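Asker: I would like the atomic coordinates for the input below:
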Amino acid sequence: MNFFRSTLHRSVLLGTALLLSLAISIAQTSVKPQAGSAVKQNTAALPKSYPPDLVQKGSALFRQDCSFCHGRDATGGESGPDLTRSKLVTDDVDGDKIGPVVRNGRPDKGMPRFDRSDEQIASLVAFIHTQQNNALTRSGGRKGVDASDLQTGNLTAGKQFFNGAGGCASCHSPSGDLARIASRYKGLELEERMLYPKHAKSRVTVTLASGQTIAGTLAYLDEFTIGLIDSSGSYRSWRTRDVRYKLDAPVSAHVDLFNKYTDDDIHNLMAYLQTLR
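Answerer: Presented below is the predicted three-dimensional model:
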């Protein structure tokens, strides 16, 4: 009996030792990958630095194209999100996510597309990532667009641009559709409507096979069908292959100006529009 108990006791001890050894082995095995992963994560988390001249070019381009929504330092405006806290920016690698958004826009969120070269995209990426890296090392809340940024233009130059190089007067009138616009919209809201009037309705003129023309507000358009609301308020549509049509899209005209605006043009034009009260 004693022999049996002694043998049983040794078997239990041996089994316990084996289990303990196995547990230690598993624990050591599971710890190693975690340690390795931590090293990799820490390495990946190291912020990438960019050449100062590239960041500077990106800053100038960002100020021209993006600051009216996202703020001058990319930390957000009254309508545009804070890019320094953006998941898309965090996940971006060498512009693989930022580039498509810049070039394709986000029409559903009121962001126009920008036709920019690879070099320009690279500069924007450098600036935005640099701003995000800087945000990680400083504290502070969300910033808006400074009111002073919208009041630094030259009124006379803005009026000249409106009537001349900007081509604004061909579609708009200070005493017509723009009368008292500065009383209806103020600050950033006025600038957004100037740069990208996302709620502006497109006009279309459809020419039928018979030569008859019908004009109205564009209601629907794809590669197969075009539809409009005519002057009586009725909806009418045709197959695109059966008609000819001419589209007058105010938003497109404003987006085309993005390639022509200088930073001074935007500020000068704003200075002029703010006088239309």
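
Asker: and the longest strand anywhere in the chain, what's buried?
Answerer: Longest strand in the chain by number of residues (criterion: DSSP state E): strand 213-221. Under the neighbour-count criterion of 16 or more other C-beta atoms under 10 Å, strand 213-221 has 214, 216, 218, 219, 221 buried. (C-beta placed from N, C-alpha, C; glycine too.)

Asker: my guess is the fourth one meets residue 228, correct?
Answerer: Yes - the criterion here is C-beta atoms under 8 Å, and residue 219 meets it with residue 228 at 5.4 Å.

Asker: between these two, which contacts overlap?
Answerer: Residues touching both residue 219 and residue 228 by C-beta atoms under 8 Å, 6 or more residues apart in numbering: 235, 237.

Asker: can you report how many residues lie near the residue nearest to residue 126 when sequence neighbours are not counted?
Answerer: Using C-beta to C-beta, 6 or more residues apart in numbering and skipping residues adjacent in sequence, the residue nearest residue 126 is residue 50, 3.7 Å away. Residues near residue 50, counting by other C-beta atoms under 10 Å, number 18.

Asker: can you check residue 233 too?
Answerer: So residue 233, with other C-beta under 10 Å, has 8 neighbours.

Asker: which ones are touching the one residue sitting closest to the centre of the chain?
Answerer: For the chain, residue 111 is the residue whose C-alpha lies nearest the centre (C-alpha atoms, centre = their mean; 5.7 Å). With contacts defined as C-beta under 8 Å, 6+ apart, the neighbours of residue 111 are 69, 80, 101, 105.

Asker: spell out the residue ranges of the helices in the stretch 1-150 of the chain.
Answerer: If DSSP state H, counting those that start in this stretch is used as the criterion, the helices of the stretch 1-150 of the chain fall at 2-45, 52-65, 67-70, 87-91, 98-104, 118-136.

Asker: and these, which one is worst for confidence?
Answerer: Note on those: helix 2-45 shows the lowest mean pLDDT, a mean of 41.

Asker: one step back: so can I have a markdown table of the buried residues of strand 213-221 showing pLDDT and distance to residue 259?
Answerer: Shown next, in a markdown table, are the buried residues of strand 213-221 (pLDDT from 0 to 100; distance: C-beta to C-beta, whole Å):
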| residue | pLDDT | distance to residue 259 |
| --- | --- | --- |
| 214 | 96 | 33 |
| 216 | 93 | 30 |
| 218 | 90 | 24 |
| 219 | 89 | 29 |
| 221 | 87 | 24 |
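
Asker: quick one: the strands in the stretch 151-277 of the chain?
Answerer: Under the criterion DSSP state E, counting those that start in this stretch, the stretch 151-277 of the chain contains strands at 203-207, 213-221, 225-229, 235-239, 244-248.

Asker: now do the domain split for the chain, please.
Answerer: Using automatic domain parsing, the domains assigned to the chain come out as 1-46, 52-145, 149-198+254-273, 203-248.

Asker: on that earlier part again, which helices and strands does the longest strand of the chain pack with?
Answerer: Helices and strands touching strand 213-221, by 3 or more C-beta pairs under 8 Å, 6 or more residues apart in numbering; DSSP states H and E, are strand 203-207, strand 225-229, strand 235-239.

Asker: how far off strand 225-229 does that strand point, in degrees?
Answerer: Relative orientation of strand 213-221 versus strand 225-229 (axes from the mean of the first three to the mean of the last three C-alpha atoms, to 10 degrees): 110 degrees.
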